[in-house]
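S.K.: Give me a model of this one.
(2 chains)
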Amino acid sequence: MRKSLRTLIPLAAAALPLALLPTAAHADSGTSYQTTLNPINGSGGSGMATVTVNGDQASVDLNYTGLATTFGGNPYPHVQHIHIGANGVCPTMSADKNGDGVVDTVEGQPSYGSIGTTLSTNGDTGPSAGTNIKVAPAGGSADYHRTFTLNSDTMNALQSGTGVIVVHGLDPSTLSKKAQNEKSNLVPSLPLAATAPALCGALSSMPTGGVATGYGATGGVEDLGLFAVGGGLAAGGAALFASRKRAASKAS
Amino acid sequence: MRHLITMLGGRRGVLALVAAVVGLGMIGFAVHAQQTAPQPQRAGRIAVSPGPAAAGASFSAQPSPAQPAPPRARPLGPSQPVHISIPAIDVSSRVFPLGKNPDGTLAVPQPGPRLNTVGWYKNSPTPGQPGPSILLGHVDSVQGPSVFFRLGDVHPGDKVIVRRRDHVTLVFTVNAVRDFKKAHFPSRLVYGGDDLSTPQLRLITCSDFVESIHHHIGNEVVFAHLSKVRSPHAG
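M.R.: Residues are numbered from 1 along each chain as shown, chains lettered A, B, ... in the order given. Modelled structure (predicted):
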């Protein structure tokens, strides 16, 4: 570290708070939340979702890939929700209380809560549409975009950081024999696999504004001390030399 | 010799001359030691794959066989990034996870052993998962140039190589470079964007240093997309 720079550190430190001002919060309108959708129960899928709230309107963009593609010869319906009202986290395998190797939807509820909003392809977006496989995206991957009126419970959960997106539906062949024979604890007419969580992501507010990734040590003129001392020596020396030279030539 | 000293104005004159020469030397050294980060040049296109076909509510399952999707590397599952290299600008750094500051901005590497390493925003996808994975590094620290000092010299087509904890190595290709003023930072474009389906990278550092306030007023953002996956067992 150049010694002369030490004088600049207080300046840089004084400038840092400038970087922390949320000046760019209004560069886009509305408030955005986002999450990475990670696989649970060994689903092998992966995805990302953003939720942008403007007033009472929510625009959801949700993408995933790698989930079970077919169910009984038809495109696999993957019901998807914003769960609310619990810890706002995704469950780990320790939530598998009955030891069947699957964290089912109910076992996951202490972590992510109950359904606040159904991310349906059309119609109702409330909790009651939660198990309607007719309005669920179908197939192994999805590119879902929908804008709808967000209910206040889900709105509050997003603001308090307890909203969790869960995409359901596992490939039955990947489950234990025990789990394959179990029924869904949500829809008893369906097998466990149909409603068990496959992707999960806790929503958090999108970062706002720019990033304070500089201190300014190389941005301006560095080595100010060296310039000052060098400049002083050069100017002083030159002046003194000129006067001595004049004195010497007078004397001779 | 004595004559020379007399000619130069006596011993004091010699001293003065030496001082002047040393001073000029110091100025010369200081000029030579000046370091300025390369300023990013706007280049490339941010969108690398076709966006949603239509506005409004839409849902599409897998691409229909009639309209095959353009070839692209398949998304991977999650695994944290541990190392990044950018051969074009001689960057090679370990990567550590970072969160957000209480005010909602991204946290940055703090003074200490990780100050000059690259940070990965832990709520963003891990590199290789669908969506933009956010990586950031300082352009400089109080000690001088930092890990992303030369990020302004990155151009579309350059490669960014990320190794993950699962030993998978990913090659990303730069598709765009942008310089944004922090006062008008397009958060949604940088941290989200229109395409959440393809694995992407964002590399962020500071730019636009303003001497009078001793502060960077801009951020450079490099946009890159996944172009190749090397699994640890594939030779």
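S.K.: so where do the strands sit in chain B?
M.R.: Assigned by DSSP state E, chain B shows strands spanning B:43-44, B:58-60, B:81-86, B:91-98, B:118-121, B:131-136, B:140-141, B:144-145, B:159-164, B:169-181, B:199-210, B:215-230.
S.K.: ok, and which of the ones you listed has the densest surroundings?
M.R.: With neighbours taken as mean count of other CB atoms under 10 Å in any protein chain shown, these reach their highest mean count in strand B:131-136, at a mean of 26. Bear in mind the C-beta positions are built from the backbone N, C-alpha and C, glycine included.
S.K.: Which secondary structure elements does that strand sit against?
M.R.: strand B:81-86, strand B:118-121, helix B:187-191, strand B:199-210 (3 or more CB pairs under 8 Å, 6 or more residues apart in numbering or on different chains; DSSP states H and E).
S.K.: Kindly provide the whole-number mean pLDDT of it.
M.R.: Taken as a whole, strand B:131-136 has an average pLDDT of 97.
S.K.: Can you pull out the residues in contact with it?
M.R.: By CB atoms under 8 Å, 6 or more residues apart in numbering or on different chains, the list of residues contacting strand B:131-136 from outside reads A:36, A:47-48, A:63, A:207, A:211, A:213, B:81, B:84, B:95, B:98, B:106, B:108, B:118-121, B:124-127, B:148, B:162, B:190-193, B:196-197, B:199-205.
S.K.: For it, which strands pair with it and how are they oriented?
M.R.: For strand B:131-136, the paired strands and their directions (DSSP bridges) are strand B:118-121 (antiparallel), strand B:199-210 (parallel).
S.K.: Lowest average confidence across these, which one?
M.R.: When those are compared by mean pLDDT, strand B:199-210 comes last with a mean of 94.
S.K.: Output that strand as CSV, nothing but the C-alphas.
M.R.: Below are the C-alpha coordinates for strand B:199-210, written out as CSV (Å, rounded to 0.1, in the frame of the first residue of the first chain):
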residue,chain,number,x,y,z
PRO,B,199,-28.4,-20.1,-17.4
GLN,B,200,-26.7,-16.7,-17.4
LEU,B,201,-24.1,-14.7,-15.5
ARG,B,202,-23.9,-11.1,-14.5
LEU,B,203,-20.5,-9.7,-13.5
ILE,B,204,-20.7,-6.4,-11.7
THR,B,205,-18.1,-3.9,-10.6
CYS,B,206,-17.8,-0.1,-10.2
SER,B,207,-17.1,2.4,-12.9
ASP,B,208,-17.3,6.1,-13.7
PHE,B,209,-15.0,7.4,-11.0
VAL,B,210,-15.6,11.1,-10.2
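S.K.: quick one: low-confidence ranges for the chain?
M.R.: Since no chain was named, I'll use chain A. Along chain A, the model assigns pLDDT under 70 to residues A:1-28, A:219-228, A:230, A:241, A:244-252.
S.K.: I was after chain B.
M.R.: In chain B, residues with pLDDT under 70: B:1-9, B:29-34, B:48-73, B:234-235.
S.K.: and with 90 instead?
M.R.: When residues are selected by pLDDT under 90, those of chain B lie in B:1-75, B:141-143, B:193-195, B:208-215, B:231-235.
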